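J.: just to be clear, the model below is a prediction. Sequence and coordinates:
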Amino acid sequence: MNRHSASDRSPRAASGRKLSGRLPSGGLIDRGRPLQFRFDGQVGTAFPGDTLASALLANGIRLVGRSFKYHRPRGILTAGSEEPNALVELREGARREPNTRATIVEMFDGLVARSQNRFPSLAFDLMAASALAAPLLSAGFYYKTFMFPVAFWEKLYEPLIRRAAGLGRAAADADPDRYDKVSLFCDILVVGAGPAGLAAALTAARSGARVILCDEDFRPGGRLLSDRVELDDHPAMTWVDQALREFESCDKATLLLRTCVNSAYDGGVYAALQRVADHLPVPGTNQPRQRLVRITATCCVLASGAVERPVILEGNDRPGVMLAGAVRSYLNRFAVAPGREAVVFGNTDSALATADDLARAGIRVHAIIDSRHEESLQIRALGERLGIPYSAGARVTRTHGTTSLTGVTIADRAGETRRIRCDLLALSGGWSPALGLATHQNGRPVWDETLCAFIPGDLPPGMFVAGSVTGLSGTGAALASGHAVGAAAVATCGLTPATLDMPVTQDLPDRPGALWHTLEDLEAPSGAAFVDFQNDVMAKDIRGATREGYVSVEHLKRYTTLGMATDQGKTSNVNGLALLAAMTGRSIAETGTTTTRPPVQPIAIGALAGPHRGRHFRPERLTPTHDWARAHGAHFTTAGLWMRAQWFARPSDPTWQETVNREVMTVRRAVGFCDVTTLGKIDIQGPDATRFLERIYCNNFARLAVGRVRYGLMLREDGFAFDDGTTARLGETHYLMTTTTANAAKIMEHLEYCRQWLFPEDDVQMISVTDEWAQIALAGPKSREVLAAIVDPGFDVGNAALPFMATVETTVCGSIPARLFRISFSGELAYEIAVPARHGAVLADALMRAGAPFSIAPYGTEALGVLRIEKGHPAGSELNGQTTAHDLGFGKLLSRKKDYIGARMAQRPALTDPGRQTLVGLMPLAPDAVLGAGAHLLPDHAAATAANDQGWVSSSAWSPTCGSWIGLGFLADGAHRHREIVAVHDPVRGNIVRARVCPPVFVDPDGGRLHA
Amino acid sequence: MRLPCSCCGPRDSGEFVYRGDATLRRPPPDAPETHWADYVYLRDNPAGPHRELWYHQPCRSWLVITRDTRSHAILAAEAAEAVARAVQAGPEAR
């Protein structure tokens, strides 16, 4: 077969025949270990060191995907993470990952990938017919087409567009992999292990700094991996390997490969994504797939390099059009021929010299096309040596072919056009510094007319830039810049910079000439000349936007979607700006650029979540009786971070409701107990403790006697209720405060705020003892008898010695120190017993034994809730931040004799207005009619409108004590409306229940049981 | 972002709780209601250095941190208790 028979008339030649593209020698691949992979079901061969992209090219596959909107055939444009075209679905099943860039997928044996966005097949795509309807899908089509009739949008247009447009499919199953997070600290973070980054990192490491060197590639070296560069007359990789060996021998130096630094935050904090196991078929045992690395660094050397730009010309998206730098990568790093007959088109000597690399690989180069008017002596000499025609001041105006490139049209200096046969166009419009990280804190890039590039402007504190990210070109310049900047960073960290022997390079001066497009008519750009390959934005879309007045870069971006999607316009943004500038008659500097934001590269949501998934989403706090409760049949529920027993099911209970009814009635008739450890417990001590509490609580604490307990209500400074609980006076200057479970941490913060900031004159200290004490509520008419059985001999728990709202210290269960509090949440005779946390289960066992004669039972949070609703105690639903002491029926608690938090604002008329919605009880006329929490209260028979809304149900439960549903709620002027019938309207559950308003205490309103 | 705790040194911002303006002073109980309304509800939103209260949860220290709201540069960090005592002892003492 004639290798050069690919003719202009057989466009399928390259994709159809599957010629091997692997060069016979060279490349940074391990030819001794062939690997197999599958792409769209076809089996291919690759080697370690390949990417999926290089393996596809090596196997003669050039058509790898279809474009986002128009389903145009697309190939591989780049050899790096900026790739806009070659997006594939990688892996299968639950590990299937869409929109994966083939150019960064490291090859492994058994890799499976699938092309995206094609139907029914990649080579024959029915949707490509929609190219005929392309005018309808032009920029801004959302706003202009498919508008009428309105009903058609949802049913017809949108599903059609969604079918046609789009990228890959996400996996339907849960992600089976693990993700990790880690924090690292260093003096100097170096981003990029190209020549500049390596020189900076080595300088810093030699100087004794703690250095972290990150590179997104799996092999360090940057452009040195791909360009034929000699350092000290040896291949550059020799120097790279030597530098790395020395770097890694420094004990404070860390090299992180496959790690992209994605964001730069305030205070020298950086986020990086380490792809720990993406190069393996599946992660190893206990190995995370990816790791989110938070790096805190004194200095950062940004040596992230530059990204090559394509040129806007008709058909520039055809498979076979490839950036010149990528062509060199495939030839030199991967030993793959990306084509057989090439044309080279560019605006720098370094890009045009790609012809040399191609010729060395045995690829015929038909022409070197230089957009610069001034001829390059160096390239002229190269052309003469290789026998390749060289034209300066010329340009490629369009490409030919269908699913693959078959030729290009060239216009010479005089405008004469001719067509050249080729299946590869090595294209370069120059390089754009990869400066994303430099702009994450509002730094604006600056346009440099000489370099034809945006370069970093104001840098964040601690950041330095080195190498081609500053617009420099050439290996020698990069090395020198890396060393100088590395030394500056070292000095900033207070260390003495070490020297570095600079290798000798043969860089020649190279000056780019501006090259953005080769369009004939900017007023009416015709044909498919793409600016943004990934979003299918063409030159005529930019023209359309400017014509409609979208001349600001930010508006252009939103209107055309230029620079959006997974690649964030890394190859397209600057071209788009240049075109916008040309079309609006402004300079690029005047046009400006859009803002880049983190992340630099896409991140899987799983990596951001890290290990915080499912049960590990947040920590779990277990009560001291957790294991005991589980052994006794507890069903658990969460309360903040706590796991609490919700109820204790017995085999004889048919439903959970029967369980709860039984637990409630056990407390009402005999005795039950419940772990209440989760309530916040704060130990407060100091000579000014009493004065401090007086300032915290709205009610009086000055006259609380030692050994007594009092209910306390705290307000916020705006006068609304904040939290409540009981506080015991354990000694003259010693108190124990309890808070609600939900607010425990918040109250601690509030108390510290008051102590440190508002009232520093108060000599008082406080500490949380929530975890130190196991606390169990023992409630029911028989509770005293049970308590008497567990306290050690010699302690009197009789009514006189331990009356209601009293506290004593004792020992229980044979010398376990304990505090007894005679307080009640249930409304029954009740005690809370606190013992050191480790004795919680012992106490529970002791209560079970001592209570056996009374059929004692443990109860959970559900019964606890029913008991407190029956007794009318407010809880979280009532203390919701919108209610006042007056609303809760606690208006009389507000002290008028002292200043306390919220005192002044609580006096505002609006907060004590009698018309406010205040706490009431509710009983349905039909006992089994469900009162739904959250339901609205309306006047009886009134229409269910907002105007008639007079309140709401805050808590409700089936009360086995009352034999009826009961509720607590807030009703306008509620205190004066007892016995009135209201409508309880529950639009969520769709019902209306008639209920009678009553006082919010359903059990023992006189409180006789509390004092029994 | 990292904040310097006067007790623990520089720590990650995730450990802190933001409270707000540290130049506000709690009015005396008999101050006019408008003073109280200003204290409770009105906040300046300066562009530039701002003295503000932060709470370091692990060590329970309240801090007065001077932060440039335009750049997030941390200009100073003081223990709130020391600041509060100095204010009380100063000419504006209640």
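T.: Yep, that arrived. Numbers count the residues shown, from 1 in each chain, chains lettered A, B, ... in the order given.

J.: give me the phi and psi for the spatially most central residue of chain B.
T.: The centroid of chain B falls nearest to residue B:53 when counting by Cα atoms, centre = their mean (2.5 Å). The phi/psi pair for residue B:53 (degrees, to the nearest 10) reads phi -90, psi 130.

J.: pretty sure it sits against residue B:22.
T.: Yes: applying Cβ atoms under 8 Å as the test, residue B:53 and residue B:22 come out as touching, 4.7 Å apart. In this view, the C-beta of every residue, glycine as well, is placed from N, C-alpha and C.

J.: anything in contact with each of these two?
T.: Common contacts of residue B:53 and residue B:22 (Cβ atoms under 8 Å, 6 or more residues apart in numbering or on different chains): B:64, B:65, B:80.

J.: what subset of these is also close to chain A?
T.: Contacts with chain A within the shared contacts of residue B:53 and residue B:22, counted by Cβ under 8 Å from any Cβ of the partner chain: residue B:80.

J.: switch the shared contacts of residue B:53 and residue B:22 over to CSV; also include secondary structure and neighbour count.
T.: Formatted as CSV, those follow (DSSP: H, G, I helix; E, B strand; the rest coil; neighbours: other Cβ atoms under 10 Å in any protein chain shown):
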residue, secondary structure, neighbour count
B:64, strand, 21
B:65, strand, 22
B:80, helix, 25
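
J.: chain A: which of the shared contacts of residue B:53 and residue B:22 is nearest?
T.: Nearest to chain A out of the shared contacts of residue B:53 and residue B:22 is residue B:80 (Cβ to the nearest Cβ; 4.8 Å).

J.: distance of the closest one relative to residue B:62?
T.: In this view, residue B:80 and residue B:62 are 4 Å apart by Cβ to Cβ, to the nearest Å.

J.: need the overlap of contacts for the two.
T.: Jointly contacting residue B:80 and residue B:62 under the rule Cβ under 8 Å, 6+ apart are A:756, A:757, B:53.

J.: now do the last one, the pLDDT please.
T.: At residue B:53, the model reports a pLDDT of 98.

J.: now do the SS call for residue A:918.
T.: The three-state label given to residue A:918 by DSSP: H, G, I helix; E, B strand; the rest coil is strand.

J.: name the helix or strand for the residue nearest to residue A:740 when sequence neighbours are not counted, please.
T.: Leaving out its chain neighbours, the residue that sits closest to residue A:740 by Cβ to Cβ, 6 or more residues apart in numbering or on different chains is residue A:723, at 5.6 Å. For residue A:723, the element it lies in under DSSP states H and E is strand A:721-731.

J.: tell me which residues in that strand are buried?
T.: Applying a neighbour-count criterion of 16 or more other Cβ atoms under 10 Å in any protein chain shown, the buried positions in strand A:721-731 are A:721, A:722, A:723, A:724, A:725, A:726, A:727, A:728, A:729, A:730.

J.: from those, pick the one nearest chain B.
T.: The closest of those, once distances to chain B are taken by Cβ to the nearest Cβ, is residue A:722, at 13.4 Å.

J.: now do the contacts for the closest one.
T.: The contact partners of residue A:722, taken as Cβ under 8 Å, 6+ apart, are A:714, A:715, A:716, A:743, A:750, A:879, A:881, A:902.

J.: now for these, which pair is the farthest apart?
T.: With Cβ to Cβ as the measure, no two of the contacts of residue A:722 lie farther apart than A:743 and A:902, at 15.1 Å.

J.: those two - which one has more neighbours?
T.: The neighbour count for residue A:743 versus residue A:902, taken as other Cβ atoms under 10 Å in any protein chain shown, is higher for residue A:902 (25 against 21).

J.: with adjacent residues omitted, what lies nearest to that one?
T.: In space, and not counting its chain neighbours, residue A:902 is closest to residue A:715: 2.8 Å by Cβ to Cβ, 6+ apart.

J.: hang on, the earlier thing: list the contacts for the residue nearest to residue A:740?
T.: Contacts for residue A:723 (Cβ under 8 Å, 6+ apart) come out as A:714, A:739, A:740, A:743, A:746, A:747, A:879.

J.: where does pLDDT dip in chain A?
T.: Scanning chain A for pLDDT under 70 picks out A:1-19, A:119-120, A:125-166.

J.: so chain A: which segments form each domain?
T.: By the assignment in automatic domain parsing, chain A contains the domains A:179-307+A:433-492, A:530-586, A:621-678+A:772-868, A:680-768, A:914-1011.

J.: tabulate the ones you listed (JSON lines), appending distance to residue A:68.
T.: Formatted as JSON lines, those follow (distance: least, Cβ to Cβ, whole Å):
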{"stretch": "domain A:179-307+A:433-492", "distance to residue A:68": "20"}
{"stretch": "domain A:530-586", "distance to residue A:68": "5"}
{"stretch": "domain A:621-678+A:772-868", "distance to residue A:68": "43"}
{"stretch": "domain A:680-768", "distance to residue A:68": "48"}
{"stretch": "domain A:914-1011", "distance to residue A:68": "41"}
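
J.: among those domains, which is nearest residue B:42?
T.: Residue B:42 lies closest to domain A:680-768 among those, at 12.3 Å (Cβ to Cβ).

J.: what residues does the spatially closest residue to the residue nearest to the centre of chain B that is not a sequence neighbour make contact with?
T.: Spatially, and ignoring its direct neighbours in sequence, residue B:53 is nearest to residue B:19 (3.9 Å; Cβ to Cβ, 6+ apart). Shown in contact with residue B:19 (Cβ under 8 Å, 6+ apart): A:753, B:52, B:53, B:54, B:55, B:62.

J.: in which helix or strand would I find residue B:19?
T.: Per DSSP H and E, residue B:19 falls inside strand B:16-21.

J.: quick one, phi/psi of residue A:557?
T.: Per-residue torsions, residue A:557: phi -60, psi -50 (degrees, to the nearest 10).

J.: what of residue A:293?
T.: The phi/psi pair for residue A:293 (degrees, to the nearest 10) is phi -110, psi 120.

J.: quick check: bridge partners of it?
T.: For residue A:293, the beta-bridge partners are residue A:182, residue A:272 (DSSP bridges).

J.: that one and residue A:174, how far apart?
T.: Relative to residue A:174, residue A:293 is positioned 24 Å away (Cβ to Cβ).

J.: neighbour count winner among the two?
T.: Between residue A:293 and residue A:174, residue A:293 has the larger neighbour count (other Cβ under 10 Å), namely 22 against 10.

J.: could you check how far the more buried one is from residue A:944?
T.: In terms of Cβ to Cβ, residue A:293 sits 55 Å off from residue A:944.

J.: how about the residues of chain B near chain A?
T.: Those residues of chain B that sit near chain A, judged by Cβ under 8 Å from any Cβ, are B:1-3, B:10, B:12-13, B:17, B:19, B:26-27, B:29, B:31, B:33, B:36, B:39-41, B:53, B:55, B:57, B:60-62, B:71-74, B:79-81, B:84-85, B:88.

J.: about what we covered before: just the contacts of residue B:19: which are in helices?
T.: The helices, defined by DSSP state H, take in residue A:753 from the contacts of residue B:19.

J.: for the contacts of residue B:19, work out which two are farthest apart.
T.: Among these, the pair separated by the greatest distance (Cβ to Cβ) is A:753 and B:52, at 13.2 Å.

J.: re earlier: turn the shared contacts of residue B:53 and residue B:22 into CSV, columns for pLDDT.
T.: Below are the shared contacts of residue B:53 and residue B:22 laid out as CSV (pLDDT from 0 to 100):
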residue, pLDDT
B:64, 98
B:65, 97
B:80, 97
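
J.: how far does the top helix by length along chain A sit from its chain's centre?
T.: For chain A, the helix with the greatest residue count under DSSP H is helix A:475-492. Computed by Cα atoms, centre = their mean, to the nearest Å, the chain-centroid distance of helix A:475-492 equals 34 Å.

J.: now do the contacts for residue A:756.
T.: Going by Cβ under 8 Å, 6+ apart, residue A:756 touches B:61, B:62, B:79, B:80, B:81, B:84.

J.: hmm, try it at 7 Å
T.: Contacts here follow Cβ atoms under 7 Å, 6 or more residues apart in numbering or on different chains; on that basis residue A:756 touches B:62, B:80, B:81, B:84.
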